[in-house]
Structures are given as structure tokens and as C-alpha cells.
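*Asks:* Turn this into a structure:
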Amino acid sequence: MYQSIQKKIMIWWMAARYHFVPPSVFPAMIGTMVSWASNDQVHIWYFFLMLLGLTLNHIALNMTDDYFDFKHAVDTAKSEEKNPYTGGSGTLTSGKIQPRSMLRFFSVLYVFVIVIGMYLTIERGLVILFFGLFGVLCSIFYTAPPIKFSHHGFGEIGLLLNFGPIIGLGSFFVQSQMITLEAFFATLPCGVMLFSMIIINEIPDLNDDILAGKITLIARVGPRIGSLLYISSWIATYTIVLVGIITTILPLALIFCFISIPLVIRSVLILSRTYENPSRMAPANLAMIQAHALTSLGLIAGYGLHGITQQRNINDLLIIVIIFLLFYLPATISITHRKK
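*Replies:* Alright, predicted model coming up:
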């Protein structure tokens, strides 16, 4: 009995693909850190609800993507041919979860997300409704008909906006009740990095996507140009931070984020040799995930140091970090397990 329950939990954990959740958590954390460090404004309860809603929404997005890709006959290759860091969870194609069960599950998650969003809208203003609607609609119609904008080469730009300024500015507004250029600059790199992640993840899935009629950006430009886009987006990520620091829009302490450069170089070198071989590309995808995390953590640490120099409340910082780790650490466990 216990083993059966444990097995079911693990199957649903696979379907959640929690290792892809941090791109939602990072910009929310950075937006809150900007508010704490620069404006001395932080509300712990709202921060927790933001992370909870974003996490549930991202899991629902992952399952929505799985469900409609399965319906459209995408990601049907055998598991041994797949790159472990790309494609769907495989729980539908393997029959471990029935499509109707997954549909019910992620529909319930969206209901919880909407309830949290409406509460935050009532408490913090209509601006939250705009950010929330944009995020939820992007999640649903990324692969869902009739829009299916991921099938037409537009999904990547939508995700860049959603997982950078939209989440980041929304989080900042929840705390500070305003929108600032600093908050935009601080969270935009998260969106550009997510664009990088989507690009490198679409390369191994290229053949499956084309066969299923899913015309992603990589399907339009090809893996060679896609590799150049990947490199360019990482250059753009670091350039945004550098320009922000030089113009004093961003604090100097954000220089910490450049610690991820060796991982980016590793990812690029592997990609340049293996972009035509999906299974051999896996280390490049893993290095991308690690670089994304390290860059984001560098931005968070930078604002932590900046806030300390501004003599902000350390107790608030500790509570924010603990809550953040509660949502983030399960993703690191998931990545470690997937690597094995």
C-alpha cells in the first residue's frame, strides 16, 4: 500500500517537472529583493503567496504543455532517444498517467492560481490582475488551441516577457506599489535567460516538433542559427546587467551574477559540437540550467549585499531567503536525480 502511494507520488512529481519551476521563482525573488534593498518595502505574506501562485502556475504550465503536445502527437520519441532535459515528462506517452487525469489535475491548479491572483489583486491593486492574466493566459495558450502560439514561432518571445519583466515587475509592485526602471532592468535578464533556455531546449526536439507541425523558432531558423541566437541571448543577459551598473540604474553588487560565465562557455562549447545529436547535447542543457540558476542567485546575492549596505532589516531578509529556499531547493533535488 505504502509503496503504491509512493510510486504514484513519484509519477506525478515527474509530470510536474519541478526542475523547470525556478524560472518563475527567480524573477519573483529578485523583484522582492529590489523592493527590500532599494525601497525598504517587503510584505512576507504577499511574497509567500506570490511564490505559491507562481509555482502552481508553472507546474500547471508544464502539464498543459505535456497534455496538448500529447494530443498533437509531439514528443512521441522513445525515452532512450530523448535528451533528459528537454521534451515532456513522458508520463502520458508511457501510459503512467491518463490524459483525462492530467487535464483535471492542472485545471484544479489553475483554479488555485486564479484564487491567489484575485486575492492579491484585491489587496494590492488592479495592476496585479494585468500581470496575473498575462501569465495564466500565456501558460494555457502556449500549447492549447486555438492560439497555440508556441506552434507558430511566437512562444519564445512570450516566455521572455512572462518570465522576466512580467513576473519580476508584478512581484515588485506587490511589495512597493510602483513600477521602476531599476526593477525592470533587474528582472529583464531572467526573461532573456529563459529565452536562452527555450532555444537550447528546442534544438533536440526539432524533428519531433516538425513532424507534429509545431513550428518553433528553431524549426523556422534551424539549429545552426539557433545556436547563434543562444550565444547572443547570453551576451544580451550580461550586457543588460553591465549597462545597468554603468548607468547606476543597478547597484555595483550585481557584478556577482557574472560568476556564471564559465558555465555559459561550457554550454556553448558543447552545443557547438553536438547540436545535431540530441542525446549528446544533454550536458549543454544541464550547463544552461546551472548557469541560469547561478546568474539569478548572483543577482539575488547582489541585492542582499546592497540591502545590507543600505542598513535594511536583516530579519526580513532572512525570512525572505528561507521562503525562497523552500520553493527552490526541491528543484535542485529534481535536477540531481535527473542527472543520474
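*Asks:* all helices for the stretch 1-150 of the chain, in order.
*Replies:* Secondary structure of the stretch 1-150 of the chain by DSSP state H, counting those that start in this stretch: the helices cover 2-16, 22-34, 44-71, 99-124, 126-141.
*Asks:* Mind putting those helices into JSON lines with distance to I255?
*Replies:* The C-beta positions use only the backbone N, C-alpha and C, and glycine is treated the same way. Converted to JSON lines, those look like this (distance: least, Cβ to Cβ, whole Å):
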{"stretch": "helix 2-16", "distance to I255": "35"}
{"stretch": "helix 22-34", "distance to I255": "15"}
{"stretch": "helix 44-71", "distance to I255": "25"}
{"stretch": "helix 99-124", "distance to I255": "32"}
{"stretch": "helix 126-141", "distance to I255": "29"}
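*Asks:* Most tightly packed of these?
*Replies:* Using mean count of other Cβ atoms under 10 Å, the stretch among these with the greatest mean number of neighbours is helix 22-34 (a mean of 28).
*Asks:* Nearest to P223 among the helices of the stretch 1-150 of the chain would be which one?
*Replies:* Among the helices of the stretch 1-150 of the chain, the nearest to P223 by Cβ to Cβ is helix 44-71 (19.6 Å).
*Asks:* Ok, which of the helices of the stretch 1-150 of the chain comes nearest S296?
*Replies:* With respect to S296, and counting by Cβ to Cβ, the nearest of the helices of the stretch 1-150 of the chain is helix 22-34 at 3.9 Å.
*Asks:* Please state the offset of the closest one from the chain centre?
*Replies:* How far helix 22-34 lies from its chain's middle: 10 Å, per Cα atoms, centre = their mean, to the nearest Å.
*Asks:* With stretch 91-107 instead?
*Replies:* The chain centroid and the centroid of stretch 91-107 are separated by 22 Å under Cα atoms, centre = their mean.
*Asks:* And that stretch, end to end?
*Replies:* 17 Å (Cα to Cα, to the nearest Å).
*Asks:* contacting residues around the closest residue to Y230 other than its chain neighbours?
*Replies:* In space, and not counting its chain neighbours, Y230 is closest to I199: 4.8 Å by Cβ to Cβ, 6 or more residues apart in numbering. With contacts taken as Cβ atoms under 8 Å, 6 or more residues apart in numbering, I199 has the following neighbours: 156, 217-218, 226, 229-230, 233.
*Asks:* Cool, thanks, talk later.
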